[in-house]
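1. based on what follows, work out the 3D shape:
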Amino acid sequence: MMDSEDLVITSSKQDIAHHLVKVNSGKHYFCGYCAAFTNIAITFPIQKVLFRQQLYGVRLREAVCQLQRDGIRNLYRGLLPPLMQKTTTLALMFGLYEDFSFLLQRHTNAPELVTCSVAAVLAGTSEALLTPFERVQTLLQDYKHHDRFTNTYQAFKMLKDYGIKEYYRGLVPILIRNGPSNVLFFGLRGPIKQCLPEATSYSAHLVNDFICGGLLGAMLGFLFFPINVVKARMQSQIGGEFQSFPKVFMKIWLERDRKLTHLFRGAHLNYHRSIISWGIINATYEFLLKLL
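-> Residues are numbered from 1 along each chain as shown. As a prediction, the model looks like this:
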């Protein structure tokens, strides 16, 4: 049997270990938040061009012309929702993934691949709680609503008249996207980095993290692009019937002459934006993680 002194020492060690886990977990949330903030500040104008292509199926030149006609004052219109949504989403994505992975590995005997995959899905599902921010961002970026409201507060207030359900329009495609994309991102991030040339300096590690994040982001962005097209169409609607994901997809498919190339309009810009965006996110996240 353990004497009182041994019990005190054991208890102290457990308290220290628990505290270290909490601190380490908080670090992942903070790094994810900062990574998202850096990314949004740099890539928001590119995202607006991409959004116009997704929503209306126009070519790159026409999407850019639309933004030029809107003027410089409207270039960063709709910035606040993605800034709030993305910073919180990525904080949850990285932080919850680490928390869920730790809990599942501690309390189950499942293989690491299974626990990490489940943790990634759970983190992605939790992120969907922030759908209202993505919803309002869509409305603010759609020029058809420019005269209806001028800022984030007005958009949120206007949706209130339609009930809480209206804030979560487009939730299904977000759930379809988040879980699988998280599984692939966290599952492939390590193997891809191992395939890159071995980093021998701090700057080389930063470059490898950028390349790894960029390649993954570009691949996942292209893979889930049609889902985001459907999401943008669903969330651009205010009031009226809540149409199912298959119904909206078929409507877009017919509008775009049943051509896959038309459905993927904007995908090439999304590919390049994702390389930059997820490269920044992954490199910033890993940099801050090592720094802290």
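
2. contacts and neighbour counts: CA atoms only from here.
-> OK.

3. which elements pack onto whatever helix or strand residue 175 lives in?
-> Secondary structure assignment for residue 175, by DSSP states H and E: helix 171-195. For helix 171-195, the elements it packs on are helix 112-127, helix 202-223, helix 225-235, judged by 3 or more CA pairs under 8 Å, 6 or more residues apart in numbering; DSSP states H and E.

4. what comes up buried for the second one?
-> If you call a residue buried by 16 or more other CA atoms under 10 Å, then helix 202-223 has these buried ones: 205-206, 208-222.

5. cool, the first one as well?
-> Applying a neighbour-count criterion of 16+ other CA under 10 Å, one finds 115-127 buried in helix 112-127.

6. least confident pick among these?
-> Lowest pLDDT within the buried residues of helix 112-127 is found at residue 127 (91).

7. ok, it - contacts?
-> Contacts for residue 127 were tallied using CA atoms under 8 Å, 6 or more residues apart in numbering; they are 89, 92-93, 178.

8. max pairwise distance over these: which two?
-> 92 and 178 (12.1 Å; CA to CA).

9. using TSV, please lay out the buried residues of helix 112-127 together with distance to residue 193.
-> Shown next, in TSV, are the buried residues of helix 112-127 (distance: CA to CA, whole Å):
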residue	distance to residue 193
115	21
116	18
117	19
118	22
119	21
120	19
121	22
122	24
123	22
124	22
125	26
126	27
127	26
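
10. which of these sits closest to residue 274?
-> The closest of the buried residues of helix 112-127 to residue 274 turns out to be residue 124 (CA to CA; 18.2 Å).

11. how much space between residue 56 and residue 233?
-> The gap separating residue 56 from residue 233 is 9 Å, by CA to CA, to the nearest Å.

12. would you list the helices and strands packed on helix 171-195 in CSV and tack on distance to residue 260?
-> Below are the helices and strands packed on helix 171-195 laid out as CSV (distance: least, CA to CA, whole Å):
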stretch, distance to residue 260
helix 112-127, 27
helix 202-223, 13
helix 225-235, 9
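
13. closest to residue 38 out of those?
-> helix 202-223 (13.4 Å).

14. would you mind getting the angle between that closest one and helix 171-195?
-> Calculated by axes from the mean of the first three to the mean of the last three CA atoms, to 10 degrees, helix 202-223 forms an angle of 140 degrees with helix 171-195.

15. residues making contact with helix 202-223?
-> With CA under 8 Å, 6+ apart as the test, helix 202-223 has contacts from 181, 184-185, 188-189, 192-193, 196, 199, 267, 270-283, 286-287.

16. quick revisit: need the max-distance pair from the buried residues of helix 112-127.
-> 115 and 127 (18.3 Å).
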